[in-house]
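In: my questions are about this predicted structure, shown below with the sequence.
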Amino acid sequence: MGVPHLGGDPNANLYYQLKRDVLDRVPEISRVEFLPDRAKAEQLEATFDPNRLDIETGPESPTLTITWYRQTRDDWFRVNYSDPNTGFHAGWHQDEDHPDLGPAHFQYTDEGETDYQPFSFEHDTPSLRLWEIIDHLFSDVLPLQG
């Protein structure tokens, strides 16, 4: 599925950096893949081991999918967590979809209901922003699911 964005190109080197500096260091993540492959990386997909999560889930592995476009002013990105066992979805987006919420927002869908909230970052670099997202996921989002 193509997604609208303000411009720029996905950057395989950025994805490699996000994988190396962030995702490979998260113990709950069992696998990280470049999609469709390393050379043509348009996304990263991190797979969580359900046995390593501190929430009740199921046998299917939740995923974190990352689409990131570097741009001169503001990067465009979507980082989405999905649990196929529960249908829970959470996303951190910096895109043009909800300008009323500011430059970035957090959204989640649970039991068919979707909620949107403004979200702000302390850091500007992609790796540190991804760490902020993962911290928010583990400290504020997933504990509410358990």
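Out: Yep, that arrived. Because the structure is predicted, anything quoted here is derived from the model rather than measured. Residues are numbered from 1 along each chain as shown.

In: show me which residues of stretch 87-106 are buried.
Out: 88, 89, 90, 91, 92, 93, 94, 95, 103, 104, 105, 106 (16 or more other Cβ atoms under 10 Å). In this view, the C-beta of every residue, glycine as well, is placed from N, C-alpha and C.

In: could you find the closest non-adjacent residue to the first one?
Out: Going back to what we said before, that points to residue 88. residue 110 (5.3 Å; Cβ to Cβ, 6 or more residues apart in numbering).

In: repeat that for the fourth one.
Out: What sits nearest to residue 91 in space, not counting adjacent residues and going by Cβ to Cβ, 6+ apart, is residue 80, at 4.4 Å.

In: which ones are touching that neighbour?
Out: 64, 65, 66, 89, 90, 91, 92 (Cβ atoms under 8 Å, 6 or more residues apart in numbering).

In: repeat that for residue 118.
Out: Here residue 118 is in contact with 101, 102, 104, 105, 106 (criterion: Cβ under 8 Å, 6+ apart).

In: partners of the closest residue to the third one other than its chain neighbours in the sheet?
Out: By that I understand residue 104. Leaving aside its sequence neighbours, residue 104 sits nearest to residue 94 (Cβ to Cβ, 6+ apart; 4.2 Å). Beta bridges link residue 94 to residue 77 when assigned by DSSP bridges.
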